[in-house]
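**Student:** Here is my input, please return the structure:
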Amino acid sequence: MGAFDWFWKAMGSATERNDKKSKGIVEQAHGLIESVSALTDAEIAQRAAETVDEGAISDKATFLALLSVASARTLGLTPFPVQSQAVLRLLEGDVVHMATGEGKTLVGAMAATGFALIGKRVHVVTVNDYLAKRDAEWMRPLVELFGLQVAAVTSASTREERRDAYRCDAVYAPVAEIGFDHLRDNQVTRREDAVQLPADVALVDEADSVLVDEALAPLVLAGSQPGAQTIGSITNVVAHLRESADFSTDAEGRNVFLTDAGAEKVERLLGIDSLYSDEHVGTTLVRVNVALHARVLLTKDVHYIVDEGKVFLIDASRGRVSDLQRWPDGLQAAVEAKEGLTVSEGGRILDSITLQALIRRYPSVCGMTGTAVEATDQLRSFYGLHVSVIDREKELRRIDEPDRIYATTGEKTRAIADEIEHLNSSGRPVLVGTHDVAESEALAADLIARGIDVAVLNAKNDSEEARIIAEAGDVGRVTVSTQMAGRGTDIRLGGADEKDREEVVRLGGLAVIGTARHRTVRLDNQLRGRAGRQGDPGSSVFFVSLEDDIVAVGGADEEVTAHPGPDGRIESARVRGFIEHCQRVTEGQLLEIHSQTWKYNKLISDHREILDRRRADILDTDTAWEELSERAPERAADVEKLGAVAKQAAREIALFHLDDEWSQYLALMEDVRESIHLRAIARETPIDEFHRIAVREFKNLANRAVDQAVATFRAATIDGDGVHLAQQGWSRPSATWTYMVSDNPLSGRSFASGVASIFR
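**Tutor:** Predicted coordinates for the structure are as follows:
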């Protein structure tokens, strides 16, 4: 037995004991359902309250029986025993692994009700607006039967709607919106202006997506920073550059670099002496690199779409966009200039937090997903979470075929269209999972040319998601979707009303086709899981070519000998093993990126916690007044007669400079991180140097914030209307927006999309 095998064995044994205990409680609950069914709604709510003792559910069997009867009565859904078991594991703080179609939505609502009954406010964290709104409305009758309040927050919610929602017992909201509201609340100068209230529990739907795939994606709050944009002229210059001669890209196509000849051409066209002079290295060179990035690495209908004269970013992991999105660091302006659109105003980062740091703020975290087992190590390592595997209610009947491998992309694409045409000729419904908008539209055009009706679900029409998915399992349906894995909704055989269910079952159920392997097995399995729900028949197969991105990245610098047939198909166990090797490599790269990025983010997260405590102290007490009065007693004596107004003025001054210094600190540390790898040349350890600089600069931040606050307190006009910071040249941005940035270069996006909301 290895050094740590005993640990993992012990953890597995503990999980088995917990599952066995849960099944025993569920069995007891089943025996109580008949007697509980005789109770009125009011009596059920009263009995539920009686199962709570000292902040915990003391009689779990009775509690589950009450939930089961309430669910049947309010929703027409009677929980399966496996769903009740999952509820218990969530209440114990586990991530439950439940297959697609096994009823995670009901499980989440039942667990949220349990948490709320013991006095814990719970955030049910979803991956998008659609699911947050749908699930909150769908589950509302169940939650409200117990005298609890439930609400949803979406990107369309007003400030007042958000404030009301966050005061409910159970709040359904996308993870990004929760994070953006947290960042915006960290800019308020009066506690009553904050919209959020602290929550005790994060119950995360699609847990592996939120907690692993997007964990290190920073959510960013940016503020207006007016200034003339010169990116347009630079974009015109960059358009004249030639690949290889003037610029080159790395093997993975994730970075682009100017050559010496390219730099000289840019200098000549811009009429400047040197891009690398002190005058231009921090401004012009940065804009050139951003414009080059926009031209070479960002592709329309893959990374973004253009609609009604605006650029909308595509979230590659979920195949969707949301309203008012934005890229950071001039990239938005560069893409707009590239597309010939009106260029947006620039801005600066006011605050930022990663999804991982956001989730770790909750005292308790649990979650649900259909692919938790594959993420067990990450969930345990980064969150201390355990995975409980919940058995299927009915045995899996889906047939997962071996990959069909082809030499070239063209041969693979033809084979995919041929297979869809073959399946469609029998009337069997087909769901095709593509990786981007351009691919989905090209495939749809090919199928239409063959006389096949196609429903396309991608970032250009995700508002029609519910309608398209509702009918995707009906006879003769062909649905082509980008990133179906991230859409979180089930497909019913026979259509929304299942009227043709028996016919589809006879045909073999839903056929799922993947147009390429994903970067992780989990994403493959999420797509596969769209077929075979609740014992339905179905099948899945992935088509792969040796030109796919996963092979280019995972098999870089490796060669494989293949002998394709006349149609380009490769029947070789060795090549099949090579494809699996490429996927393992990309998974390993993702894990290494996660680990390394977390090391850099961890210290910043620790500093953020210190800053948050300092900010809360200033916001909720008279600390600012006391500190400024001590440092500037003569000024304090002048304004003391204003009473509460003077104390609020001191508070606003202290908070302004604290927030301003934090913004500058984030910008500085981002610059440091961009260049820290150069420390290795001097035989220094980059991460150690990064930590040393971060600690030093954070200490300086604290000192400067206080010194600046004292100077402003002495100089600013303070009267009955408060402090007039604008007169001193100090003012908060007139507009803010939010976006999400990805630290994951293998995600298909150098910068990930995010939901942007403009607040003026």
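**Student:** The stretch 151-300 of the chain: helices as residue ranges?
**Tutor:** 159-165, 175-185, 207-208, 231-238, 260-270, 284-296 (DSSP state H, counting those that start in this stretch).
**Student:** can you count the residues close to the closest residue to Phe257 other than its chain neighbours?
**Tutor:** Taking C-beta to C-beta, 6 or more residues apart in numbering, and ignoring the residues beside it in sequence, Phe257 has Ser248 as its nearest neighbour in space, at 5.5 Å. C-beta here means a position set from N, CA and C on the backbone, and glycine is covered the same way. Neighbourhood size, Ser248 [other C-beta atoms under 10 Å]: 14.
**Student:** Correct me if wrong: Ser248 contacts Asp260.
**Tutor:** No: counting by C-beta atoms under 8 Å, Ser248 does not reach Asp260; the two are 11.3 Å apart.
**Student:** From Leu297, how far off is the closest residue to Val296 other than its chain neighbours?
**Tutor:** Counting by C-beta to C-beta, 6+ apart, Val256 is the residue found nearest to Val296 once chain neighbours are left out, at 4.6 Å. According to C-beta to C-beta, to the nearest Å, Val256 and Leu297 sit 6 Å apart.
**Student:** Distance of the residue nearest to Val296 relative to Val238?
**Tutor:** Per C-beta to C-beta, Val256 is found 10 Å from Val238.
**Student:** These two: who's more crowded?
**Tutor:** Val238 (29 against 19).
**Student:** Need the per-residue pLDDT for the more buried one.
**Tutor:** Looking at Val238, its pLDDT reads 86.
**Student:** Pretty sure it sits against Val290.
**Tutor:** No: under the criterion of C-beta under 8 Å, Val238 makes no contact with Val290, lying 9.3 Å away.
**Student:** Mind listing the shared neighbours of Val256 and Val238?
**Tutor:** Shared contacts of Val256 and Val238, defined by C-beta atoms under 8 Å, 6 or more residues apart in numbering, are found at Leu292.
**Student:** Need the three-state assignment for Pro566.
**Tutor:** Following DSSP: H, G, I helix; E, B strand; the rest coil, we place Pro566 in the coil state.
**Student:** I'd like to know how many residues surround it.
**Tutor:** 6.
**Student:** This structure - how does it break down into domains?
**Tutor:** 5-222+355-389, 397-587, 607-735 (automatic domain parsing).
**Student:** Where does pLDDT dip in the stretch 601-750 of the chain?
**Tutor:** For the stretch 601-750 of the chain, the stretches with pLDDT under 70 are 677-684, 740-750.
**Student:** which residues of it fall in helices?
**Tutor:** For the stretch 601-750 of the chain, the helices defined by DSSP H, counting those that start in this stretch cover 623-631, 633-639, 644-675, 686-715.
**Student:** who wins for proximity to Val171 among those?
**Tutor:** Set against Val171 and scored by C-beta to C-beta, the helices of the stretch 601-750 of the chain come closest in helix 644-675, at 26.1 Å.
**Student:** mind listing what's buried in that closest one?
**Tutor:** 645-663, 665-666, 669-670, 672-673 (16 or more other C-beta atoms under 10 Å).
**Student:** Then stretch 288-307?
**Tutor:** Going by neighbour count (16+ other C-beta under 10 Å), the buried part of stretch 288-307 is 288-298, 301-305.
**Student:** For that stretch, list the C-alpha coordinates in CSV.
**Tutor:** The C-alpha trace of stretch 288-307 is given here as CSV (Å, rounded to 0.1, in the frame of the first residue of the first chain):
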residue,chain,number,x,y,z
VAL,A,288,-0.3,47.2,-31.0
ASN,A,289,-0.1,43.9,-29.2
VAL,A,290,-3.8,44.1,-28.3
ALA,A,291,-4.8,45.0,-31.9
LEU,A,292,-2.7,42.1,-33.2
HIS,A,293,-4.3,39.8,-30.7
ALA,A,294,-7.7,40.9,-31.9
ARG,A,295,-6.8,40.4,-35.5
VAL,A,296,-5.1,37.0,-35.3
LEU,A,297,-6.4,35.2,-32.3
LEU,A,298,-10.1,36.3,-32.0
THR,A,299,-12.4,35.0,-34.7
LYS,A,300,-15.9,36.2,-35.4
ASP,A,301,-18.6,33.6,-34.7
VAL,A,302,-16.1,31.6,-32.6
HIS,A,303,-15.1,34.0,-29.9
TYR,A,304,-17.7,36.7,-30.5
ILE,A,305,-20.6,37.7,-32.7
VAL,A,306,-21.6,41.1,-34.1
ASP,A,307,-25.2,42.0,-33.8
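**Student:** Centre of the chain to that stretch, how far?
**Tutor:** 21 Å (C-alpha atoms, centre = their mean, to the nearest Å).
**Student:** And for stretch 201-211?
**Tutor:** With C-alpha atoms, centre = their mean, you get 10 Å for stretch 201-211.
**Student:** so what pLDDT did the residue nearest to Phe257 get?
**Tutor:** Per-residue confidence (pLDDT) for Ser248: 85.
**Student:** OK, contacts around it?
**Tutor:** Neighbours of Ser248 in contact, by C-beta under 8 Å, 6+ apart: 256-257, 259.
**Student:** from those, which ones fall inside strands?
**Tutor:** Among the contacts of Ser248, the members falling in strands (DSSP state E) are 256-257.
**Student:** Can I get stretch 725-739 in CSV, CA atoms only?
**Tutor:** Once non-C-alpha atoms are left out, stretch 725-739 reads as follows in CSV (Å, rounded to 0.1, in the frame of the first residue of the first chain):
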residue,chain,number,x,y,z
LEU,A,725,-14.5,65.2,-3.2
ALA,A,726,-14.8,66.2,-6.8
GLN,A,727,-13.5,69.7,-6.0
GLN,A,728,-10.2,68.0,-5.0
GLY,A,729,-10.1,66.0,-8.3
TRP,A,730,-11.3,62.9,-6.5
SER,A,731,-14.5,61.2,-7.9
ARG,A,732,-15.8,57.7,-8.5
PRO,A,733,-16.4,56.6,-12.1
SER,A,734,-19.6,57.9,-13.7
ALA,A,735,-20.2,54.4,-15.1
THR,A,736,-19.2,50.8,-14.2
TRP,A,737,-19.4,47.6,-16.1
THR,A,738,-18.6,44.0,-15.3
TYR,A,739,-17.0,41.2,-17.2
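**Student:** if we can go back for a sec, common neighbours of Val256 and Leu297, please.
**Tutor:** Thr249.
**Student:** ok, Ala496 - contacts?
**Tutor:** Contacts of Ala496 (C-beta under 8 Å, 6+ apart): 470-471.
**Student:** nearest residue to Arg614 other than its sequence neighbours?
**Tutor:** Nearest residue to Arg614 in three dimensions, chain neighbours excluded: Leu658, at 6.7 Å (C-beta to C-beta, 6+ apart).
**Student:** Contact partners for the one you found?
**Tutor:** Neighbouring residues of Leu658 by C-beta under 8 Å, 6+ apart: 611, 614-615, 618, 705, 709.
**Student:** Which of those ranks first by neighbour count?
**Tutor:** Among those, Ala709 has the most neighbours (other C-beta under 10 Å), with 25 neighbours.
**Student:** Against Gly410, how distant is that residue?
**Tutor:** When distance is defined by C-beta to C-beta, Ala709 is 65 Å away from Gly410.
**Student:** Pull the contacting residues for the residue lying closest to Ile178 once chain neighbours are set aside.
**Tutor:** Nearest non-adjacent residue to Ile178, counting by C-beta to C-beta, 6+ apart: His123, 6.1 Å away. Contact analysis of His123 by C-beta under 8 Å, 6+ apart lists 171, 173, 178, 199, 201-203, 362.
**Student:** Name all residues that make contact with His691.
**Tutor:** Here His691 is in contact with Leu603 (C-beta under 8 Å, 6+ apart).
**Student:** Give me the distance between it and Met669.
**Tutor:** In terms of C-beta to C-beta, His691 sits 11 Å off from Met669.
**Student:** The one helix or strand Glu439 maps to packs against which elements?
**Tutor:** According to DSSP states H and E, Glu439 maps onto helix 437-449. When contacts are defined as 3 or more C-beta pairs under 8 Å, 6 or more residues apart in numbering; DSSP states H and E, helix 437-449 sits against helix 409-425, strand 430-434, strand 455-457, strand 478-482.
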